[in-house]
Each structure stands twice: as C-alpha cells, then as structure tokens.
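K.L.:
Dropping the sequence and predicted coords here.
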Amino acid sequence: MAGVICASAQAYLDEMGRLLGGIDCSTIDALADCLHDVWRGDRQVFVYGNGGSAYTASHFVTDLVKTAAVDGVRRLRAVSLVDNYGLTTAIGNDINYDQTFQFPLEAYGREGDLAIAISGSGNSPNVVNACQWAREHKLKVACLTGFKGGKIAGMCDVHINIPSDNYGLIEDLHMSVGHMISQAFKARLIAEVSKG
C-alpha cells in the first residue's frame, strides 16, 4: 500500500482529528442536496470504488437505501456497482479491468442520474473511465477522494477531498462522510414529509 503510515495509535488519532477539522462541510451538504434532487426526480445513484473503497461504496448504498429510509416515503434507488462479482470478474477477464464500472454504468445509467466515485488516489483507470463516461452522458458526478484528488477531481460536480496521503485515514473518513451524507439526506426526506 502506497502512502504514509502513522507510527502509533496516538499519531493516527491526532492526524485524524486534524483532517476532520479541515473537512469542507459545504461539500457534504451539497452531495446531500444532489441526492435529494435525484430522489425527487426518481433517478438512480451508482456508487463505485476499488479495494477498501469498494466496501465503502457498498456500505454507503446500504445507508442510502435502508438507514436513510423514511416510513411511507419512496426509497432512493441506489446501487453499488461493486456488488455483482460475476459481472465484475467477467468484464475484467473478458474485456478489460479498466471497464469494470463503465460497462455496467453504460447499461444502467441515464441522463440526470448520479454517479459517486470513491477513490483514495483518484487515479484508478476503471474509476476515471466511469467518471468520464458519466460526464459525457450528462450524469451528475460526485467524488470522494484523498491525496489531491487525482484525475477525477476535475470531473466532479461535487468533490469531497480528504487531503491526506495515508490510505487508512482517507478510507476511515470517507466512511464517516458517507454517514454524514446519509443522515443529511434522511433529514431532507423527513422535511419533505413534514411539508405535507
């Protein structure tokens, strides 16, 4: 794993606290607003990432569909593109691993949908290709990144960056950001119900 490491638990926690204090909360609220707009338009959300970010993508979708659900309110249609192992491995084996997210996005994605990329480096070819395709086909694109955002930083309508080169901290904070977004999105659904 590339990137720096912390030599002790205290160093890790100190660095996490520093990074938490620097998160741009307006970008988190902006993504919650995007999700609310997608929900209002009955559009779909597609989330994807590699390695640890793949699990963050799955967890985020679980929170968006189940945890953010409000009784009596239509559910958000969100899908993790990493959860179909058969399709992912078929694309990687038979076509090219660089197409593992673009290929299903081409099948399912439509103009006005939302693609959410989660990537520490922001440079993984399969993530970059999916973001590029999404932009070209008029999907909104949101990115959760680390380091300086990588190649996908310039492809996002909403960019949430954890400015660190420690993958553990980046992935921990991406998970926390996902929880923040899910709760903010649920609050918007609750407000929708209270408006009647």
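P.N.:
Arrived safely, thanks for sending. Numbers count the residues shown, from 1 in each chain.
K.L.:
Could I get the full set of helices for this structure?
P.N.:
In the chain, the segments counted as helices under DSSP state H are 9-21, 25-40, 52-62, 85-94, 102-108, 125-136, 167-195.
K.L.:
Figure out how far the third one is from the centre of its chain.
P.N.:
It stands for helix 52-62. The chain centroid and the centroid of helix 52-62 are separated by 8 Å under C-alpha atoms, centre = their mean, to the nearest Å.
K.L.:
Please shift the residue numbers so they start at 297 in all later answers.
P.N.:
Done: numbering now begins at 297, and the last item shifts to helix 348-358.
K.L.:
State the mean pLDDT of that helix.
P.N.:
For helix 348-358, the mean pLDDT works out to 98.
K.L.:
now that helix against helix 381-390, angle please.
P.N.:
Between helix 348-358 and helix 381-390, the angle comes out at 150 degrees (axes from the mean of the first three to the mean of the last three C-alpha atoms, to 10 degrees).
K.L.:
May I see the buried residues of helix 348-358?
P.N.:
Neighbour-count burial for helix 348-358 flags 348, 349, 350, 352, 353, 354, 355, 356, 357, 358 (criterion: 16 or more other C-beta atoms under 10 Å). C-beta: built from backbone N, CA, C; applies to glycine.
K.L.:
any chance of the residues you listed in a markdown table, with distance to residue 319 too?
P.N.:
As requested, the buried residues of helix 348-358 are exported to a markdown table (distance: C-beta to C-beta, whole Å):
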| residue | distance to residue 319 |
| --- | --- |
| 348 | 19 |
| 349 | 17 |
| 350 | 22 |
| 352 | 16 |
| 353 | 19 |
| 354 | 22 |
| 355 | 18 |
| 356 | 16 |
| 357 | 21 |
| 358 | 22 |
